[in-house]
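1. Could you look at this predicted model? Sequence included:
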Amino acid sequence: MNTVSRLWRSGWTVRLALLILLAVATLAVAGPAIAPQDPLAQDAASALQEPSWAHLLGTDYLGRDVLSRLFAGAPASLLSALAAAAIGLVLGALPGALSAFVPRVGEWLALRVVDALLALPFILFAIVFAALLGNGLPQATLAIGILVAPGFFRIARAATLRVRDSPYIDAATYLGASAWWVLSRHVWRQVAPNLVVAAVSALGGALLAVASLTFLGIGVQPPAPTWGGMLSSDLGYLGQRPWGPLAPALAIVVTVGALNVVADAARDVLGADAPARQKEAVRV
Amino acid sequence: MSELSQITAPAPTADAVSVSPHGGTALGPSFDEGSLVRPAAVEASDLVIAAADGSLLVHGVSVSVRPGEALGIVGESGSGKTLTCRALLGILPPGLSVTGGTVRVDGVDLTGAGEREWRDVRGTRIGAVFQDPASYLNPAMPIGAQLEETLRVTARVPRRQARERARELLDDLGIRRVDLVLRQRVAHLSGGMLQRVLIAMALAADPAVLIADEATTALDVTVQAELLDLLGRLRAERGLALVLVSHDLAVVAQVCERVQVFRDGRVVEAGATSRVLRAPGHPYTRELLRAHAAYGLERFLA
Amino acid sequence: MSATMLDIDRLSVDYGRVRVLDAVSLRVRPGEVVGVVGESGSGKTTLARAVLRAVDAAPESRILVDGRDVTRLRGSQLRAWRRSGAVQYVFQDPLRSLDPAVRVAESIVEGLRIARVPAGEAERRRTAALEAVGLDEDLLSRLPSGLSGGQRQRAAIARALVVEPRLLVLDEPVSALDAASRDRVVRALIALRDDRGSDLAMLVISHDIGSLAALSDRLVVLDRGRIVEDGPTRRVIARPEHPYTRLLIDSVPLIHTPTTNRPLPAPVRS
């Protein structure tokens, strides 16, 4: 893809981030398969061990290999984050873009609803959701998706508004184009870069959200490993194994960091949100 | 040669048009017969402006305007006319600099001057108005407050008197209902009104020179006519030296008794307006006149 | 084919409580070029857009294009009428009236694609339109940013021409251009006028009387939403009847050099 190659060329930090994301993506798909040991195999005798050749990242409080759990837990966290971002995109972007064409009343409603959702503290919302619909990862994912949607709504709406008043949109309209033609031929091209950047950032945010929820125990089905869940249980044994939480924490931080770096670079490369040049004003 | 010109150039009066039997071109395109007789209110000699990479944008341009005189500068965008004006104000864009020639404003030599020296001169000895008036004003403040600010800072008018002075200035410029106008924000005022306010600001500290760079270009033709009349009146009343820059030869012809034609960073023709219009020396000037002939209204009114 | 191409009858347009156009009546005959001159706030752009039915007219208004009453057209009927290409529009700002991300070749035939005209026919019409405006074929593969202002404007005119309109509405077609480009575009329009004869009428809106005068058979003067003068170009400029027209004409700066009326040279291919 042209964009990826442009991103690759934009600096060493981006290159590093892309490589990290490639590794993370591999884990998301094949994590459990490439885990060196059975992530669920308990061995009380070798609990809470330091890293060794047998267990590269040590063992947790039940003697399970941490590295394997990290690998095996990757899909749950990562794919949930991906799903949440995708849900947010679909729920938010299309209504956002359309709201730019709908007269005042529709706009006002859409904006107020969006404002309300943005004001909700997401953890509270997720907990309520879990209480209502059950404590599972799919439900948690849906909750995050719904809370991420307003962000996409706003970005799609803002980008569409910027485009909507351009003469070339009017030109297409005067040629007899339908709203769909205008949206798919002209608006999409201008809105897409913003959405791509937003999606990458949202992915980072969603991952953090999933990790936070699984940390709190929402969406966790023990003994299945999740990064947030690992972090939570490791914290309980800080005394015996102070470096314990570092593994899942770094996994989360590094992934989110890499996503943010790529999002920033994508913004530059795709020219999303390029501000109009201001004329130089001179006071004499 | 200069002796001969001094004998034939008539004594200057506020609206005398200097005509030399040689015409401007005989003595070189930049030479201008009017410049010999009185010290200039503003002048640049052999001005060279270069970009950061060394390429020349203005190649040895000479401009001079005497007190009470109006000089028109005509050229398309990229001709160097705006850069020359900016050099006369010390506001060249970053990366560009004056690498040759001299600049004098109201007797003060500003060649190679630093920002502090320019600040002393701007507003007090030389003022300017530009093309898009709204972009030079703060949209969030009433324009009265902005005018008062200019008065206090540039003209050093004490705070208590600033409001009264602001009223006087706008009144001088022929604005009716001055108090109402002073209270308005940019969005509620027309382009013509805003430009008058900016002219007021430019003249607040009573400078000797006013540069109007495409000041009427974005305005309706009736508003333009009013503003050109206003500039003419201000020139007569205050003895202001006026530099009127436009891409439209006719605008310049209406107000200025001398004109210089810029092209590609050089002055290709200079002289009395009436002479240049009647007997242009340079092909480019002739081209400009032809273009005007095709679109001007003379052919309907002749 | 009707006797009038465009018949605007008592057109009034309100934006909220402000009456932007007040009982404007105007007729354009087939093949005629009518120039509408007005300053800011005159309502001239609203008038132009009203012809394309892009603004809603007050109840007593009527707009007839080529004999058909289009005043109350909406929705799919409106789109169908626009696709039929009876009227087309050229915008003021050539920089933004072409999608910056779309190649010029695509932009020009957009109207035909919307109307589902087959590719072969579309290409034929595009070639004809390019020739009519004097644009080179090898500019087609560029993006709008790769063209000069004058070329962009001519591309926009070509886009309007491919649907073979009988009426072209141009809103300040040369205001955003420098002198050389303005000249080229005006000449292209004059060539169009001369070549197409009664097949193409034009309504040109501008604040620049000079360019309008070069192009128009008739001049209409718009002052704050009302038409104050309507007559042959030459007469309106030389002997204006309304005080506002007189003010307008008097305001245009002259060079005091009387010239004889020379015909403009033949259009030049860029």
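-> Cool, the structure landed. Numbers count the residues shown, from 1 in each chain, chains lettered A, B, ... in the order given.

2. May I have the residues that are in contact with B:L47?
-> B:V58, B:G60, B:V61, B:S62, B:V63, B:T84, B:A87, B:V98, B:G100, B:G101, B:T102, B:V103 (Cβ atoms under 8 Å, 6 or more residues apart in numbering or on different chains). Every residue, glycine included, has its C-beta placed from N, CA and C.

3. Which ones among those residues map onto strands?
-> B:V58, B:G60, B:V61, B:S62, B:V63, B:V98, B:G100, B:G101, B:T102, B:V103 (DSSP state E).

4. Out of these, which is nearest to C:L135?
-> Lowest distance from C:L135 to the ones in strands among the contacts of B:L47 (Cβ to Cβ) belongs to B:V58, with 34.2 Å.

5. tell me which element the nearest residue to that closest one once chain neighbours are set aside is part of?
-> Nearest residue to B:V58, sequence neighbours excluded (Cβ to Cβ, 6 or more residues apart in numbering or on different chains): B:I49, at 3.9 Å. Here B:I49, judged by DSSP states H and E, is contained in strand B:42-50.

6. Partner strands of that strand, with direction?
-> If you go by DSSP bridges, strand B:42-50 pairs up with strand B:56-65 (antiparallel), strand B:97-105 (antiparallel).

7. Other residues contacting the helix ranked longest in chain C?
-> The residue-count maximum for a helix in chain C (DSSP state H) belongs to helix C:179-196. The contact list for helix C:179-196 (Cβ under 8 Å, 6+ apart) reads B:76, B:247, B:291, B:294-295, C:31, C:33, C:132-134, C:148-151, C:153-154, C:157, C:161, C:170, C:173-174, C:177, C:200, C:202, C:204, C:211, C:214-215, C:264-268, C:270.

8. and with 7 Å instead?
-> B:76, B:247, B:291, C:33, C:132-134, C:148-150, C:153-154, C:157, C:173-174, C:177, C:200, C:202, C:211, C:214-215, C:264, C:267-268, C:270 (Cβ atoms under 7 Å, 6 or more residues apart in numbering or on different chains).

9. Show me which residues of chain B sit near chain C.
-> B:76-77, B:220-222, B:224-225, B:247, B:249-251, B:253-254, B:277-278, B:291-302 (Cβ under 7 Å from any Cβ of the partner chain).

10. and stretch C:125-142, anywhere near chain A?
-> No - applying Cβ under 7 Å from any Cβ, one finds stretch C:125-142 separated from chain A by no less than 13.5 Å.

11. Low-confidence ranges, chain B, go.
-> B:1-38, B:302 (pLDDT under 70).

12. Mind jotting down where the strands sit in it?
-> According to DSSP E, the strands that chain B contains are B:42-50, B:56-65, B:70-74, B:97-105, B:108-109, B:126-129, B:209-213, B:241-246, B:258-263, B:266-272.

13. could those be laid out in TSV, adding distance to B:I199?
-> Below are the strands of chain B laid out as TSV (distance: least, Cβ to Cβ, whole Å):
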stretch	distance to B:I199
strand B:42-50	17
strand B:56-65	17
strand B:70-74	15
strand B:97-105	19
strand B:108-109	23
strand B:126-129	5
strand B:209-213	8
strand B:241-246	11
strand B:258-263	21
strand B:266-272	26
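
14. still on that earlier bit, need the buried ones from the contacts of helix C:179-196 selected in PyMOL.
-> Selection of the buried residues among the contacts of helix C:179-196 in PyMOL, burial being defined by 16 or more other Cβ atoms under 10 Å in any protein chain shown:
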select buried, (chain B and resi 247) or (chain C and resi 33+132+133+134+148+149+150+153+154+157+173+174+177+200+202+211+214+215+267+270)
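
15. Near chain B, which residues of the stretch 51-200 of chain A? Just list them.
-> So the stretch 51-200 of chain A never meets chain B (Cβ under 7 Å from any Cβ).

16. which residue does the stretch 51-200 of chain A bring closest to chain B?
-> Residue of the stretch 51-200 of chain A nearest chain B, by Cβ to the nearest Cβ: A:D165 (17.7 Å).

17. returning to that earlier point: quick one: which of the strands of chain B is nearest A:L118?
-> strand B:126-129 (45.3 Å).

18. before we move on, back to that, strands - which of the contacts of helix C:179-196 land there?
-> Per DSSP E, the contacts of helix C:179-196 map to strands at C:V33, C:M202.

19. got the contact list for residue 251?
-> By default, I'm working from chain A. A:L70, A:W227.

20. You answered for a different chain; I wanted chain C.
-> B:V221, B:T222, B:Q224, B:A225.

21. top of the residues you listed by neighbour count?
-> B:Q224 (24 neighbours; other Cβ atoms under 10 Å in any protein chain shown).

22. phi, psi of the closest residue to it other than its chain neighbours?
-> Closest residue to B:Q224 apart from its sequence neighbours, by Cβ to Cβ, 6+ apart: B:T216 at 4.0 Å. With angles defined as degrees, to the nearest 10, B:T216 sits at phi -110, psi 0.

23. what's the neighbour count on B:T216?
-> Neighbours of B:T216 using other Cβ under 10 Å come to 26.

24. quick one: it and B:M193, what's the gap?
-> Using Cβ to Cβ, to the nearest Å, B:T216 is found at 13 Å from B:M193.

25. all helices for the stretch 51-200 of chain C, in order.
-> C:75-83, C:104-108, C:110-114, C:119-133, C:149-161, C:179-196 (DSSP state H, counting those that start in this stretch).

26. I'd like those helices laid out as JSON lines, including mean pLDDT.
-> Below are the helices of the stretch 51-200 of chain C laid out as JSON lines (pLDDT from 0 to 100):
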{"stretch": "helix C:75-83", "mean pLDDT": "91"}
{"stretch": "helix C:104-108", "mean pLDDT": "93"}
{"stretch": "helix C:110-114", "mean pLDDT": "92"}
{"stretch": "helix C:119-133", "mean pLDDT": "92"}
{"stretch": "helix C:149-161", "mean pLDDT": "93"}
{"stretch": "helix C:179-196", "mean pLDDT": "90"}
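
27. Quick check: which of the ones you listed is buried the most?
-> Most buried of the helices of the stretch 51-200 of chain C, by mean neighbour count (mean count of other Cβ atoms under 10 Å in any protein chain shown): helix C:149-161, with a mean of 26.
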